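Participant: After the sequence you'll find the predicted model.
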Amino acid sequence: MKIKPISKNDFSQFQAGAMYCFEHLSDEWVEWYKKHVFPEVRTLGAFVDDRLASSLTIIPFEMYFREKAVNMGGISLVYSLPEFRNRSFVRDLIVRSLEIMKDNNQNFSLLAPFSYPFYYRYGWAWGINFKKYKIPLSKLENFKKGEGEFRPIKKRDLPEIKLIYEYFAQNFNGPVKRTEKNWQLKYRGQPEQKKYWYCYENGQQEIEGYIIFSMEQGKIKIEEFCCTDIDIKKYFFNFLYKHRAQCSELVWRAPEKDSTLLLLSEPEVECSFQPDMMVRIVDLQPVLKEYFTLRKKKDDNFDPGSFDSLKIKVNDEWAPWNKGCFEVESEQNRVRILRNNKQPDLTVNINVLSQLLFGFINFEQAQMMDSVNVKKSRVKKLNKLFCKHPTFINDFF
């Protein structure tokens, strides 16, 4: 077996394998992918002789991490043909992908798993939840109309829409910082998709919010919903209520921290928390420096004097550059990361450390994990250093 990049000449094999393993893919989607996505990504193949047996795709993204855009590798379209399964080809592709992402300074990786235990084995961990609403439109009747107007979004509006999205996205760890090409492709849509784009424009003709949705089988399905403040959000609920002659229910995949239930006069609606993407730290040393530097600069709750040094021993079976003891030193506004063999304050695997640094869990929650060992004298300090931060992503790959 040989691992190498998949070229244009191999695309027919890649297409056949992807459509076999992912039954929802259509010929039209694959043609769209070949034209718009394939040239921009890194697709690896495991070849037996000249036959493509397994594949993995790395999509280069920037994502928001504590309000800053950082590099992230999105793992997608991982598959192995049935006659080649149980031969560790996907494992070898994953290991190679970690090396490639490290070389490209993609210090984080996100993926949507077919199995959480499978990818946990390779260092990824559950990192994002979303809140799924099913709200009868009748529950929205008490929301009032704003002074502005709703109208369909035109292509010329995309720069303003982008700014509203970024204002919203910077509140979370995980959202993709979309390029102009990302926005153009999203606006044009993928094959077999029928989406409606509407914005709210105030009296000064300034866009203050937007929504992307579809209508299927009597349901409004929200794909994306971003507003500049809570009043604009209420105006959108009035706008959605006006669709009750066409639809009876609103279905929405919202951030975990969304508090729409507090706005409803009758909050007895279906609302569930559902696990979403997994996160992995690809290269720990720069992430540690980024995390503590950004917390010191941007987090009002962070006490710069809360630590002078912290020693973390990390186990990472698949990325050996992350294995060992890392000492974080803090002096005024400067953070240094050193490698040494000192006695650690905290021993942890890369999975749980990824959850901690990503903000998905706090240290109190981390202590429930079997892979965490900590000096009792350092628990209070670690509770201050590792706090939860909202996570979310609304791009699918």
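Facilitator: Perfect, I can see it now. Residues are numbered from 1 along each chain as shown.

Participant: Can you name the residues in contact with stretch 137-151?
Facilitator: 198-203, 208, 220, 231-232, 234-235, 237-241, 243-244, 247-250, 263-266, 269 (C-beta atoms under 8 Å, 6 or more residues apart in numbering). Using the backbone N, CA and C atoms, a C-beta is placed for each residue, glycine as well.

Participant: What of stretch 85-93?
Facilitator: Here stretch 85-93 has contacts from Met1, Ile3, Leu44, Ala46, Ala53, Ser54, Ser55, Leu56, Val78, Ser80, Tyr122, using C-beta under 8 Å, 6+ apart.

Participant: and which of the residues you listed is nearest to Pro136?
Facilitator: For these, the minimum distance to Pro136 (C-beta to C-beta) is 38.5 Å, reached by Val78.

Participant: ok, for the closest one, nearest residue in space, not its chain neighbours?
Facilitator: Leu56 (4.8 Å; C-beta to C-beta, 6 or more residues apart in numbering).

Participant: got the contact list for Gln13?
Facilitator: Applying C-beta under 8 Å, 6+ apart, the residues near Gln13 are Ile6, Gly45, Arg51, Leu52.

Participant: neighbour-wise, which of those residues leads?
Facilitator: Gly45 (23 neighbours; other C-beta atoms under 10 Å).

Participant: Tell me where the model's unsure across the stretch 51-200 of the chain.
Facilitator: 191-192 (pLDDT under 70).

Participant: And for the nearest residue to Lys102 once chain neighbours are set aside, the neighbour number?
Facilitator: Distances taken as C-beta to C-beta, 6+ apart place Asp283 nearest to Lys102, at 4.9 Å, with adjacent residues excluded. When counting by other C-beta under 10 Å, one arrives at 19 neighbours for Asp283.

Participant: Torsion angles phi and psi at Asp283?
Facilitator: phi -130, psi 110 (degrees, to the nearest 10).

Participant: you'd agree it is up against Asn322?
Facilitator: Yes. Asp283 lies in contact with Asn322 (C-beta atoms under 8 Å); the separation is 7.2 Å.

Participant: sorry, back to before: which among the contacts of stretch 137-151 end up buried?
Facilitator: 198-202, 208, 220, 232, 234-235, 237-241, 247, 249-250, 264 (16 or more other C-beta atoms under 10 Å).

Participant: follow-up on the earlier one: which ones among the contacts of stretch 137-151 map onto helices?
Facilitator: If you go by DSSP state H, the contacts of stretch 137-151 have Asp231, Ile232, Lys234, Tyr235, Phe237, Asn238, Phe239, Leu240, Tyr241 in helices.

Participant: Same list, those, but as a markdown table with pLDDT and distance to Asn341 please.
Facilitator: Listed next are the ones in helices among the contacts of stretch 137-151 as a markdown table, based on pLDDT from 0 to 100; distance: C-beta to C-beta, whole Å:
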| residue | pLDDT | distance to Asn341 |
| --- | --- | --- |
| Asp231 | 97 | 57 |
| Ile232 | 97 | 55 |
| Lys234 | 98 | 57 |
| Tyr235 | 98 | 59 |
| Phe237 | 98 | 58 |
| Asn238 | 98 | 63 |
| Phe239 | 98 | 61 |
| Leu240 | 98 | 59 |
| Tyr241 | 98 | 63 |
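
Participant: now these as a markdown table including distance to Ile212?
Facilitator: A markdown table is the format used below for these (distance: C-beta to C-beta, whole Å):
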| residue | distance to Ile212 |
| --- | --- |
| Asp231 | 20 |
| Ile232 | 15 |
| Lys234 | 19 |
| Tyr235 | 16 |
| Phe237 | 16 |
| Asn238 | 18 |
| Phe239 | 13 |
| Leu240 | 13 |
| Tyr241 | 18 |
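
Participant: distance of the most far-flung residue of the chain relative to its centre from Glu329?
Facilitator: Centroid-distance maximum for the chain: Asp49 at 36.1 Å, with C-alpha atoms, centre = their mean. Distance, Asp49 to Glu329, by C-beta to C-beta, to the nearest Å: 52 Å.

Participant: Over to Lys154?
Facilitator: 52 Å.

Participant: likewise Phe292?
Facilitator: Distance from Phe292 to Glu329, by C-beta to C-beta: 10 Å.

Participant: Spit out the residues that contact those two alike.
Facilitator: The contact lists of Phe292 and Glu329 share Val335, where a contact means C-beta under 8 Å, 6+ apart.

Participant: And the two? Which one has more around it.
Facilitator: The neighbour comparison of Phe292 against Glu329 (other C-beta under 10 Å) goes to Phe292, with 22 against 15.

Participant: what is the residue nearest to that one when sequence neighbours are not counted paired to in the beta sheet?
Facilitator: Spatially, and ignoring its direct neighbours in sequence, Phe292 is nearest to Val335 (4.6 Å; C-beta to C-beta, 6+ apart). Each beta-bridge partner of Val335 is listed here: Ser330, as defined by DSSP bridges.

Participant: so what's Val335 up against?
Facilitator: With C-beta under 8 Å, 6+ apart, Val335 has these contacts: Lys289, Phe292, Thr293, Lys296, Val328, Glu329.

Participant: domains of the protein?
Facilitator: 2-106, 131-275, 283-385 (automatic domain parsing).

Participant: Pipe these into a markdown table and attach distance to Pro117 per row.
Facilitator: Shown next, in a markdown table, are the domains of the chain (distance: least, C-beta to C-beta, whole Å):
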| stretch | distance to Pro117 |
| --- | --- |
| domain 2-106 | 14 |
| domain 131-275 | 12 |
| domain 283-385 | 11 |
